[in-house]
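Visitor: Give me coordinates for this.
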Amino acid sequence: MATLEIRDLHVSVGDGSDGAKEILRGVDLTVQAGETHAIMGPNGSGKSTLAYAVAGHPKYEVTSGTVTLDGEDVLAMSVDERARAGLFLAMQYPVEVPGVSVSNFLRSAVTAVRGEAPKLREFSKEMKTAMDNLSIDPAFAQRSLNEGFSGGEKKRHEILQLEMLKPKVAILDETDSGLDVDALKVVSEGVNRFAGGETGVLLITHYTRILRYVKPDFVHVFAAGRVVAEGGPELADELENEGYEKYLKAGASA
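Guide: Numbers count the residues shown, from 1 in each chain. Below you'll find the predicted structure:
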């Protein structure tokens, strides 16, 4: 079983005149295959910083702590090595890549992760099945990557990548952002196809609405760069009713 272990992770951002600012201040988290973890918290609490630091974004400097995937040191890996090892990040704001079709991008990504290019016929069949599962028009495959995509199309494409790449651990940053109810349901169904299987899911969100469709096994509350509370799905219900105020106070006093 795949296991992502994060231990006492400290992360800073920036190197300007004011120096680097510490965002994460000692995060501990373990995600195993078949588990769905929801990370919740207000803006600025460090949720997205965790995602980008684990994925290897150069803006985020890990100053101490460890991240391992199946015992291997993730922090010693390049970004592409992390992807090949089985880490997947669905970004909140994916970039546009004019001139590169969705189909070509996906085939290149699959080739990089699997170590060899899939046969074109088999890849096309696999992609069509994945697109059908997400109610994506076949013409979508020939569009330039993320160019002119609606919010829902961007999120569907992220889940399409998830379907094709089959990572060990999927980190989904604000996957519910900008989605209408119908798109939210389709995206949630895509996430649920992995939840409980061989993929561990780390779902980052502000709101509980996606948790009506994706049921987490564990909920972690972030405040001031720390995990200040943990529990099961009932914790998300509490946040829906009471908000983050008491956890913000806990984070400030830690």
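
Visitor: residue ranges with poor pLDDT in the stretch 1-150 of the chain?
Guide: Residues of the stretch 1-150 of the chain meeting the criterion pLDDT under 70: 15-19.

Visitor: can you give me the strands for it?
Guide: Secondary structure of the stretch 1-150 of the chain (DSSP state E, counting those that start in this stretch): strands located at 3-13, 21-32, 36-40, 60-69, 72-73, 87-90, 97-101, 144-145.

Visitor: Show me the one of those that comes nearest Y244.
Guide: Closest approach to Y244 among those (C-beta to C-beta): strand 36-40, 8.1 Å. (C-beta placed from N, C-alpha, C; glycine too.)

Visitor: what is the orientation angle of that closest one with strand 3-13?
Guide: Computed by axes from the mean of the first three to the mean of the last three C-alpha atoms, to 10 degrees, the angle separating strand 36-40 from strand 3-13 equals 20 degrees.

Visitor: And strand 36-40, what does it pack against?
Guide: Strand 36-40 is packed against helix 47-55, strand 200-205, strand 218-223, helix 233-242, with contacts defined by 3 or more C-beta pairs under 8 Å, 6 or more residues apart in numbering; DSSP states H and E.

Visitor: Could you tell me the angle between that strand and strand 200-205?
Guide: Using the same axes, to 10 degrees: strand 36-40 against strand 200-205 is 20 degrees.

Visitor: And strand 36-40, how far out from the chain middle?
Guide: The chain centroid and the centroid of strand 36-40 are separated by 10 Å under C-alpha atoms, centre = their mean, to the nearest Å.

Visitor: got the buried residues for that strand?
Guide: Applying a neighbour-count criterion of 16 or more other C-beta atoms under 10 Å, one finds T36, H37, A38, I39, M40 buried in strand 36-40.

Visitor: again with stretch 207-215
Guide: By neighbour count with 16+ other C-beta under 10 Å, stretch 207-215 contains the buried residues T208, I210, L211, Y213, V214.

Visitor: quick one: terminal-to-terminal distance for stretch 90-99?
Guide: 21 Å (C-alpha to C-alpha, to the nearest Å).

Visitor: which parts of that stretch are buried?
Guide: Of all the residues in stretch 90-99, those buried under the rule 16+ other C-beta under 10 Å are A90, M91, Q92.

Visitor: where does the stretch 151-254 of the chain dip in pLDDT?
Guide: Across the stretch 151-254 of the chain, the ranges flagged by pLDDT under 70 are 196, 249-254.

Visitor: For stretch 110-123, give me every contacting residue.
Guide: Residues outside stretch 110-123 that contact it (C-beta atoms under 8 Å, 6 or more residues apart in numbering) are D80, A83, R84, R107, E126, M164, L165, P167.

Visitor: any idea how far the first one is from G56?
Guide: D80 sits 9 Å away from G56, going by C-beta to C-beta, to the nearest Å.

Visitor: next one: the fourth one
Guide: Distance check for R107 against G56: by C-beta to C-beta, it reads 23 Å.

Visitor: what bridges to Y60?
Guide: V13 (DSSP bridges).

Visitor: Who has more neighbours out of D80 and G56?
Guide: Each of D80 and G56 has its neighbours counted (other C-beta atoms under 10 Å); G56 has more, 20 against 11.
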